[in-house]
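# Requesting a structural model of the entry that follows:
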Amino acid sequence: MTSQQRTALVIPAQRNHPTAAVVGGGPGGLMAAEVLARNGALVTIYEQMPTMGRKLLIAGRGGLNITHSEPLPEFLSKYGEVSPSLRFAIEAFPPTEVRAWCAGLFQETFVGTSGRVFPSGFRATELLRNWLGSLEGLGVDLQNNRQWIGWDEATGALLIRNVGQNNAVAEPISSYPDITVMSLGGGSWARTGSDGSWVHKYEAAGIKVKELTPANSGFLVDWTAEFISRFEGVPIKNIALVVGENSVRGELMISSEGIEGGAVYAVGRELREACGADGKSTVEVDLRPDLTRNQIEKRLDTARPKDSTSTMLQRCIGLPLVSIGLMREATTNNLPRSPAELAGLLKSLPLSLRCSQGNDRAISTAGGVVFEELDERYMLRSHPGTFVAGEMIDWEAPTGGYLLQATLSTAVAAASGALFWWAEQQG
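Just a heads-up that it's a prediction; the model follows:
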């Protein structure tokens, strides 16, 4: 699908050109603006930060993982009990279309060894620059330092205020677009503008919002000073984390405050749900998922009598020092000597966790506008003509391309829904 085709969905022909406001200049807002502009709308984007696309740039610092190449049924399973509306949005604008969209911005994509998809430039800078240039070419008015502060109670107008240098704030202006798409983000990475400040405005308007909580976030562990001095920043690779019936392979990273990494994020939902009233939960770590307990025990049986426990684990199992250190931490330095007991710990090491880190330390947040507040077009039932997209909706996904994919897909769905709704209003 070419750049021109990719958002040319089957939208009824317009008798005139609707005016459209897009609130939020992140990837969801930019995609919504593109769909609207390519279908004839006169679009203005209001972004409260000095520049557009800040969250996209931060996400792309280590390589912009834009989507994933796995088959769609497996892809959709990563969203848990996926809402029918979210399923429809991703099926209508799936990973293959995201890759075609990148190509339309002169950024061909490639599939990494893990199945993750990256643009050819790897980072987000060139993609964002081309994207903003494309939007300007479509006539989209990009307005930075413009903050949405709510709806006018009497008229329903959007209230927008200019936020200038030195935090100077001008009097709000009233905007009366024909259609509005809001993509205000969740509550993570506040420095990008995704600060969750919209939540109380929605709640004040009677719109139900599920509390924003950290997702794709590390969990806190009460490490000893000695452990952190030796292993802070060290990854433990090729492990499995088990929470209840869910087991995830990957790696975790030792941080000064606890554990982070892809495997941790993948079971984050289950760990949050397992947290008791005291804010604690337990994850089981399988330090050798490619070996059975019996195989480990047999290897440990070959240890020499004079070997220390650490030497035995290194020589017989090839266990790295960081993993041995983790075993000592989890057992308050009381490692058993017998092969059977050690094998049991290696396969199921219980690690006590405290609550996850705060929203601003999270890669994303769970929660947001509940789907019951939206119709099938992603329109707020209580605010006809206003549509919602992206992470501000109540869905959750792990890292690996799933976050950005759902953001872009819901933006296409919301903008398309807005155009359909406008056509219906014109009779």
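
# Confirm that residue 150 sits in a strand.
Yes - note on residue 150: a strand contains this position according to DSSP: H, G, I helix; E, B strand; the rest coil.

# helix, strand or coil for the spatially closest residue to it that is not a sequence neighbour?
Closest residue to residue 150 in three dimensions, ignoring its sequence neighbours and counting by Cβ to Cβ, 6 or more residues apart in numbering: residue 201, at 4.7 Å. The C-beta positions use only the backbone N, C-alpha and C, and glycine is treated the same way. Judged by three-state DSSP, the three-state class of residue 201 is helix.

# got the contact list for residue 201?
149, 150, 151 (Cβ atoms under 8 Å, 6 or more residues apart in numbering).

# where's it relative to residue 234, distance?
Residue 201 sits 43 Å away from residue 234 when distances are taken as Cβ to Cβ, to the nearest Å.

# same check, this time on residue 202
42 Å.

# higher neighbour count, those two?
residue 202 (23 against 16; other Cβ atoms under 10 Å).

# State the distance from the more buried one to residue 359.
In terms of Cβ to Cβ, residue 202 sits 16 Å off from residue 359.

# so where is the stretch 251-400 of the chain shaky, pLDDT-wise?
In the predicted model, the stretch 251-400 of the chain carries pLDDT under 70 at residues 276-277.

# And the helices in it?
262-266, 268-274, 293-300, 309-317, 321-330, 339-347 (DSSP state H, counting those that start in this stretch).

# per-residue confidence for residue 196?
Residue 196 carries a pLDDT score of 91 in this model.

# Repeat that for the one 10 residues further on.
Per-residue pLDDT puts residue 206 at 96.

# top helix in the chain by residue count?
helix 402-425 (DSSP state H).

# Restrict that one to CA atoms and write it as CSV.
The C-alpha coordinates for helix 402-425 follow below in CSV (Å, rounded to 0.1, in the frame of the first residue of the first chain):
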residue,chain,number,x,y,z
TYR,A,402,2.4,-4.0,20.3
LEU,A,403,2.0,-0.6,22.0
LEU,A,404,2.8,1.5,18.9
GLN,A,405,0.7,-0.8,16.7
ALA,A,406,-2.4,-0.4,18.8
THR,A,407,-1.9,3.3,19.1
LEU,A,408,-1.7,3.7,15.3
SER,A,409,-4.6,1.3,14.7
THR,A,410,-7.0,3.0,17.1
ALA,A,411,-6.0,6.3,15.6
VAL,A,412,-6.9,5.1,12.1
ALA,A,413,-10.2,3.7,13.5
ALA,A,414,-11.1,6.9,15.4
ALA,A,415,-10.3,9.2,12.5
SER,A,416,-12.2,6.9,10.0
GLY,A,417,-15.1,6.8,12.5
ALA,A,418,-15.1,10.6,12.7
LEU,A,419,-15.3,10.9,8.9
PHE,A,420,-18.2,8.4,8.7
TRP,A,421,-20.0,10.2,11.5
TRP,A,422,-19.6,13.6,9.7
ALA,A,423,-20.9,12.1,6.4
GLU,A,424,-23.9,10.8,8.3
GLN,A,425,-24.6,14.3,9.7
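
# Measure how far that helix is from the centre of its chain, please.
Distance of helix 402-425 from the chain centroid (Cα atoms, centre = their mean, to the nearest Å) equals 18 Å.

# what do you get for stretch 191-199?
14 Å.

# Span of that stretch from start to end?
The straight-line separation of the ends of stretch 191-199 (Cα to Cα, to the nearest Å) is 17 Å.

# May I see the buried residues of it?
192, 193, 194, 195, 196, 197, 198, 199 (16 or more other Cβ atoms under 10 Å).

# Mind checking which of those residues are in strands?
Using DSSP state E to define strands, no part of these is located there.

# possible to save the residues you listed as JSON lines with distance to residue 142?
Shown next, in JSON lines, are the buried residues of stretch 191-199 (distance: Cβ to Cβ, whole Å):
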{"residue": "192", "distance to residue 142": "16"}
{"residue": "193", "distance to residue 142": "14"}
{"residue": "194", "distance to residue 142": "18"}
{"residue": "195", "distance to residue 142": "20"}
{"residue": "196", "distance to residue 142": "23"}
{"residue": "197", "distance to residue 142": "21"}
{"residue": "198", "distance to residue 142": "20"}
{"residue": "199", "distance to residue 142": "25"}
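
# if we can go back for a sec, tell me the buried residues within the contacts of residue 201.
150, 151.

# follow-up on the earlier one: of the buried residues of stretch 191-199, which belong to helices?
In helices, judged by DSSP H, the following of these are found: residue 199.

# The longest helix of the chain: which residues count as buried?
402-423.

# Also stretch 362-381?
362-369, 371, 373-374, 377-380.

# same thing with stretch 145-164?
145-148, 150-151, 157-163.

# mind checking pLDDT for residue 172?
88.

# Surely it is in contact with residue 158?
No - in this structure, residue 172 is not within contact of residue 158 by Cβ atoms under 8 Å, at 9.2 Å.

# tell me the domain boundaries of this structure?
19-215+360-425, 219-353 (automatic domain parsing).

# okay, those, which one's buried deepest?
The highest mean neighbour count among those, using mean count of other Cβ atoms under 10 Å, belongs to domain 19-215+360-425: a mean of 20.

# So what's the gap between it and the chain middle?
12 Å.

# distance of the residue nearest to residue 150 from residue 151?
On the measure of Cβ to Cβ, residue 201 and residue 151 end up 8 Å apart.

# Wasn't residue 110 part of a helix?
No - under three-state DSSP, residue 110 sits outside any helix and is assigned strand.

# So what pairs up with it in the strands?
Per DSSP bridges, the residues bridged to residue 110 are residue 118.

# Now residue 199. Nearest residue, chain neighbours left out?
residue 209 (5.3 Å).

# per-residue pLDDT, that neighbour?
Reading off the model, residue 209 has pLDDT 97.

# ok, it - contacts?
So residue 209 contacts 199, 202, 203, 367, 368, 369, 370, 394 (Cβ under 8 Å, 6+ apart).
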